[in-house]
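Colleague: Below: sequence and its predicted model.
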Amino acid sequence: MGSSVSHAAASPPSIPPPPPHAVGLAGVLPPKSEEKSEKKVDWLNLPCPVPFEEIQREALMSLKPELFEGLRFDFTKGLNQKFSLSHSVFMGSMEVPSQSSDTIKVPTAHYEFGANFLDPKLMLVGRVLTDGRLNARVKCDLSDNLTLKINAQLTNEPHYSQGMFNFDYKGKDYRSQFQIGNNAFYGANYIQSVSPHLSLGSEVFWLGHQRKSGVGFAARYDTDKMVATGQVASTGIVALSYVQKVSEKVSLASDFMYNLMTRDVTSSFGYDYILRQCRLRGKIDSAGCVAAYLEERLNMGVNFILSAEINHPKKDYKFGFGMTVGE
Amino acid sequence: MASRASSKGKGKAARGSNEQSTARSVKKWSTWAMKKAKVITHYGFIPLIIIIGMNSEPKPQLSQLLSPV
């Protein structure tokens, strides 16, 4: 996309100026010749694609906000341009995955202390909860093109900790990633731009302890106004998504997921309004679930959050409210 | 000849078990190292971030670290 924008700026306008007394519609509409001029595709200078795990990021941002139930309060205090501390309180119910179809909710309350260090070359984010769990994220630029990312959740209970190391290599018009995780998980993925709008990628993973492996393919087509993605995996999952940017403030997203093994179909449709003082996201699901998430900016740095999720078939109603202070 | 064959067989078995025991000890040491690394990370990650942050420019004051304002 970057190369096509620079081409449009470089080509000089070649239209004659409109007559001074234009008649009817011709005087009102802007001259259209800039769009009609041929933009030659520079096949050797394709843009770098988005990382493989972010291939559906527009759809995920619009359709999967962080819905919660209860009270949430986040306070971020910056000591420095790069260093900040965060305090976060949560009181509410969290869902526990259960075998039966009933949802089991466990009331929890925790305080979370976090420290962030953000540098262009090194990013360290750590969060520790009152029950001793640590969430750690490290992103380090080893060189111009090579990045190391570490993601870990450590607990006090044995055998429940998880960690993942990712090595990312960014080439001129491709990206590749190699992952090593606990429980002998190895994965690799590769994504390549094949045209200014289309990029294709594939991934392969291997689980050591269960001796399972899988292959997946993904494609992403994006323009200024829309993004369409498709993903197929050998685990039997087909996922398609489509996001249309209707205007600067409004975008609509839809998502379709089909599981070949269990013959499960999930489809959702949502909207995302980004207005000056608030951001409102809503979605409706094929499982009968309606959700909405509102972030309202009350003042500089103070945000008020409302979250609602209504699951009609299961009769599960979740409402949450909260406040975020600080950036 | 029979004794030579049997001694050869015993030598091979000894070498095989030697390799097996080195592989086992390497595995034991790496598991021990991973356990220690996990404990160190669990207790030391957030203090490490705080130390790196307090030493970055411009240096914040210690009072800023503890006060809620």
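Modeller: Cool, the structure landed. Since we're looking at a predicted model, the values are computed, not measured. Residues are numbered from 1 along each chain as shown, chains lettered A, B, ... in the order given.
Colleague: Counting by contacts, list what the helix or strand in which A:Phe205 is found packs against.
Modeller: Assigned by DSSP states H and E, A:Phe205 belongs to strand A:198-207. Counting contacts by 3 or more C-beta pairs under 8 Å, 6 or more residues apart in numbering or on different chains; DSSP states H and E, strand A:198-207 is packed against strand A:185-193, strand A:212-222. (C-beta placed from N, C-alpha, C; glycine too.)
Colleague: how does it look with 10 Å?
Modeller: Secondary-structure packing of strand A:198-207 (3 or more C-beta pairs under 10 Å, 6 or more residues apart in numbering or on different chains; DSSP states H and E): strand A:174-181, strand A:185-193, strand A:212-222, strand A:226-233.
Colleague: Okay, angle between the second one and strand A:198-207 too, please.
Modeller: With axes from the mean of the first three to the mean of the last three C-alpha atoms, to 10 degrees as the criterion, the two stretches strand A:185-193 and strand A:198-207 enclose an angle of 170 degrees.
Colleague: circling back: what's the angle from the strand holding A:Phe205 to strand A:212-222?
Modeller: Using the same axes, to 10 degrees: strand A:198-207 against strand A:212-222 is 160 degrees.
Colleague: quick one: secondary structure of B:Pro60?
Modeller: coil (DSSP: H, G, I helix; E, B strand; the rest coil).
Colleague: follow-up on the earlier one: which among the helices and strands packed on strand A:198-207 is found nearest to A:Leu134?
Modeller: When these are ranked by distance to A:Leu134, counting by C-beta to C-beta, first place goes to strand A:174-181 at 16.9 Å.
Colleague: Next, see if the closest one gets close to chain B.
Modeller: No. Remark: strand A:174-181 sits outside contact range of chain B, by C-beta under 10 Å from any C-beta of the partner chain, the gap being at least 12.5 Å.
Colleague: Listing partners with orientation, what would you give for the strand holding A:Phe205?
Modeller: Strand pairing for strand A:198-207, determined by DSSP bridges: strand A:185-193 (antiparallel), strand A:212-222 (antiparallel).
Colleague: What count of nearby residues applies to the closest residue to chain B within chain A?
Modeller: Ranked by C-beta to the nearest C-beta, the top residue of chain A for proximity to chain B is A:Phe83, at 3.1 Å. By other C-beta atoms under 10 Å in any protein chain shown, 25 other residues sit near A:Phe83.
Colleague: Can you say which of the strands paired with strand A:198-207 is packed in most?
Modeller: Sort the strands paired with strand A:198-207 by mean neighbour count, taking mean count of other C-beta atoms under 10 Å in any protein chain shown, and strand A:185-193 sits at the top with a mean of 19.
Colleague: can you dump the C-alpha coordinates of the strand holding A:Phe205 into PDB?
Modeller: Output in PDB follows, covering the C-alpha atoms of strand A:198-207 (Å, rounded to 0.1, in the frame of the first residue of the first chain):
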ATOM      1  CA  LEU A 198      -2.800  -9.800  -1.700                       C
ATOM      2  CA  SER A 199      -0.600 -11.800   0.700                       C
ATOM      3  CA  LEU A 200      -0.500 -15.500   1.200                       C
ATOM      4  CA  GLY A 201       0.900 -17.400   4.100                       C
ATOM      5  CA  SER A 202       1.200 -20.800   5.600                       C
ATOM      6  CA  GLU A 203       2.100 -22.300   9.000                       C
ATOM      7  CA  VAL A 204       3.100 -25.600  10.400                       C
ATOM      8  CA  PHE A 205       3.300 -26.700  14.000                       C
ATOM      9  CA  TRP A 206       4.200 -29.800  16.000                       C
ATOM     10  CA  LEU A 207       3.200 -30.800  19.500                       C
END
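Colleague: relative to strand A:226-233, how tilted is that strand?
Modeller: 30 degrees.
Colleague: Pull up the residues of chain B that are close to chain A.
Modeller: Near chain A, when you scan chain B using C-beta under 10 Å from any C-beta, you find B:34-35, B:37-39, B:41-43, B:45-61, B:64-69.
Colleague: Report the closest residue of chain B relative to chain A.
Modeller: Closest to chain A within chain B is B:Gly53: 3.1 Å, counting by C-beta to the nearest C-beta.
Colleague: Only alpha carbons, please: show stretch A:320-327 as PDB.
Modeller: Only the C-alpha atoms of stretch A:320-327 are listed here, as PDB (Å, rounded to 0.1, in the frame of the first residue of the first chain):
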ATOM      1  CA  GLY A 320     -19.600  -4.900  33.600                       C
ATOM      2  CA  PHE A 321     -18.400  -1.400  34.200                       C
ATOM      3  CA  GLY A 322     -15.100   0.100  34.800                       C
ATOM      4  CA  MET A 323     -12.800   3.000  34.600                       C
ATOM      5  CA  THR A 324      -9.300   3.500  33.200                       C
ATOM      6  CA  VAL A 325      -7.100   6.300  34.400                       C
ATOM      7  CA  GLY A 326      -3.900   7.200  32.700                       C
ATOM      8  CA  GLU A 327      -2.800   6.400  29.100                       C
END
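Colleague: Could I get the contacting residues of A:Asn156?
Modeller: Contact partners of A:Asn156, counting by C-beta atoms under 10 Å, 6 or more residues apart in numbering or on different chains, are A:131-134, B:42.
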